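Asks: Just to be clear, the model below is a prediction. Sequence and coordinates:
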Amino acid sequence: MVARLLLLFGLLSLAGCVTTTNSPFAREADQQKAVKNYVRLGTAYISQGNYDRARDHLQRALQIDPDSPGALSAMGLIYQQEGEEELAEQSFRKAIDSDGGYTRGRLFYGAFLYGQGRYGDAREQFSRASKDTDFEDRGAIFYNLGRTQDQLGQHDAAVKSYRRAVELTRNNANYLLALSTSLIEQGNYDDAQRYYSRLAGMIQRDSKLTHSPDSLLTGLKLAHYYGDQHREASLALLLRNQYPESEQLKQYRALISNE
């Protein structure tokens, strides 16, 4: 389904089938490799929601290297999930202080700050992370930067960030929807239609993707603007049937009643 919110920033890319070995990693000659392996296992368990096993592996990593940015950031995620906000922020900040170039840690911290409503601080973290041209998922950085800019009322800057996200990561439904929606708010319907058409095509081709209330409302605004009555009626039916209590349906009804 086309998701409405954010963020976890490459977490699944580190996760996989979790396996262990009878030989403790601590016995390995290369202690940094041991730390990396513990962090990888801990992150995988976090992605599965197994926080006890994750904590065990991350604590082992921190026993070897108390300043490991990967372990500290992952511990921050666990604290965040457990509602320990002060401990989460301490861990995220320690990770960044330990290695200012650890971009994934900045993304985790930025997501945490966004969730706290501290949009200015989140924007700073995402902005600094965006400078890392070697990061494997830069699209996620710019997408989240755009979201913070939207929250701060910096809509022109948000559109630029969403464009970069789309350019860097083609065929991502969330990025295409965010850009289409922001372009409509700017009054740029032609560009919005172009990007929304890409999104609609993806949903048609991929049975795993379905419209969200936001994607339906965005499509309705475009169909209404261009006078495409057939398309508008089709999307309106979907919105009424699939999301009858949604705020987006109320917004659409307000749109047509105002005219």
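Replies: Received, thanks.
Asks: what about the strand or helix carrying residue 39, distance to the chain center?
Replies: Here residue 39 sits within helix 31-47, counting by DSSP states H and E. With C-alpha atoms, centre = their mean, to the nearest Å as the basis, helix 31-47 stands 22 Å off its chain's centre.
Asks: Tell me the first helix or strand C-terminal of that helix.
Replies: helix 51-64.
Asks: contacts for that next one?
Replies: Contacts with helix 51-64, where a contact means C-beta atoms under 8 Å, 6 or more residues apart in numbering, come from 18, 25-26, 31, 34-35, 38-39, 41-46, 68, 70-72, 74-75, 78, 81-82. Using the backbone N, CA and C atoms, a C-beta is placed for each residue, glycine as well.
Asks: Need the CA coordinates for that helix. PDB is fine.
Replies: Extracted in PDB, the C-alpha atoms of helix 51-64 (Å, rounded to 0.1, in the frame of the first residue of the first chain):
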ATOM      1  CA  TYR A  51      14.200  -6.200  20.900                       C
ATOM      2  CA  ASP A  52      15.600  -8.500  23.700                       C
ATOM      3  CA  ARG A  53      17.800 -10.400  21.200                       C
ATOM      4  CA  ALA A  54      18.700  -7.200  19.500                       C
ATOM      5  CA  ARG A  55      19.800  -5.600  22.800                       C
ATOM      6  CA  ASP A  56      21.900  -8.600  23.700                       C
ATOM      7  CA  HIS A  57      23.900  -8.400  20.400                       C
ATOM      8  CA  LEU A  58      24.300  -4.600  20.600                       C
ATOM      9  CA  GLN A  59      25.500  -4.700  24.200                       C
ATOM     10  CA  ARG A  60      28.100  -7.200  23.100                       C
ATOM     11  CA  ALA A  61      29.200  -4.800  20.400                       C
ATOM     12  CA  LEU A  62      29.400  -2.000  22.900                       C
ATOM     13  CA  GLN A  63      31.500  -4.100  25.200                       C
ATOM     14  CA  ILE A  64      34.100  -4.400  22.500                       C
END
